[in-house]
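how would this look folded up:
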Amino acid sequence: MVTVLLCAHNLLIRTGLRKVLEDDAYIHVAAETGSADEAVELARRHQPDVVFVELDMPRGEGLRIGRMLTGTGDRPAGVVFIAQSFDSTTALRGLLAGARAFLAKSDTPRQLVAAVHAVAGGYTVLPSAVTAALEPWAMLSTAFAAPGAADVFGLLTERELEVLRLMATGMSNAEIAEFLSLGEATVKSHVSRLLSKLGLRNRSQAVARAYGTGLMGVPDRAAQ
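Model prediction:
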């Protein structure tokens, strides 16, 4: 039996997902919520195998839920993001937030159920629309990758690495400041220093270098 948690701002979406998934005898929807904070508590309580998250929830709550739930419990839940559509920035942020699958709200019930079983089995589900959206990032990373380039990250402090990882999700200085509980001026200073240390001219080059050398992941908010 695959245990599922539903996280969506829209009650109609949660109701529709529950109906579709519970038609499968091997899927149990343990709980549902429209709140990021409640999602974490429900995940601790039910230890779901798969968590459906509405990616385009207000105020970035969908991404926040994904980041929090991939590190919750004895074993990380497989996060499935569902959205109206995926552009390059949205797909990239979703992957870095821990997504194991992406689904469109227009996908069929059969596709939803198949994604649940695939993620529960340890697989990743990336539709062609998502891989196409990520193609520009892959091209950039190839352009800036070079043998031994990862060694240069040893010049950065832990905080500068955190800022660089968050830059790679497409976050602005203001968003990074909010995420790390720092002043925006402090973040701007970190960005300037890391660009100087890496010998790069702008944020785009820094992000491309990060992906070209495998510097992936999103730092923990609690890491100060």
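
what's the residue closest to the geometric middle of the protein?
residue 97 (1.8 Å; Cα atoms, centre = their mean).

can you pull the contacts of the closest residue to that one other than its chain neighbours?
Spatial nearest neighbour of residue 97, excluding adjacent residues (Cβ to Cβ, 6 or more residues apart in numbering): residue 66 at 3.6 Å. To be clear about C-beta, it is placed using only N, CA and C from the backbone, and glycine gets the same treatment. By Cβ atoms under 8 Å, 6 or more residues apart in numbering, residue 66 lies in contact with 53, 55, 79, 81, 94, 97, 98, 99.

Residue ranges in this structure under the pLDDT threshold?
Counting by pLDDT under 70, the chain contains low-confidence ranges at 71-75, 131-152, 208, 211-224.

Assign a three-state SS to the residue of it positioned farthest from its centre, would you?
Going by Cα atoms, centre = their mean, the residue of the chain most distant from its centre is residue 25, 29.3 Å out. Assigned by DSSP: H, G, I helix; E, B strand; the rest coil, the conformation of residue 25 is coil.

part of a strand, is residue 48?
No - going by three-state DSSP, the assignment for residue 48 is coil, not a strand.

now the strands: where do they sit in the chain?
2-7, 27-33, 50-54, 78-83, 99-104 (DSSP state E).

what ranges do the helices span in this structure?
Assigned by DSSP state H, the chain shows helices spanning 11-22, 36-46, 61-69, 88-96, 109-120, 128-144, 158-167, 173-180, 184-198, 203-212.

so of these, which one's packed in deepest?
Highest mean neighbour count among those (mean count of other Cβ atoms under 10 Å): helix 61-69, with a mean of 24.

Determine the angle, from 0 to 180 degrees, between that one and strand 2-7.
Between the axis of helix 61-69 and that of strand 2-7 there is an angle of 140 degrees, by axes from the mean of the first three to the mean of the last three Cα atoms, to 10 degrees.

Show me how far helix 61-69 is from its chain's centre.
Centroid displacement of helix 61-69 relative to its chain, using Cα atoms, centre = their mean, to the nearest Å, is 7 Å.

thinking again about what came up before, how much space between the residue nearest to residue 97 and residue 175?
Residue 66 sits at a distance of 15 Å from residue 175 (criterion: Cβ to Cβ, to the nearest Å).

next one: residue 202
18 Å.

With residue 129 instead?
25 Å.

And residue 127, by the same measure?
The gap separating residue 127 from residue 175 is 26 Å, by Cβ to Cβ.

mind listing what residue 123 touches?
So residue 123 contacts residue 100 (Cβ under 8 Å, 6+ apart).

I figured residue 48 hits residue 1, correct?
No - with contacts counted by Cβ atoms under 8 Å, residue 48 stays clear of residue 1, the gap being 11.2 Å.
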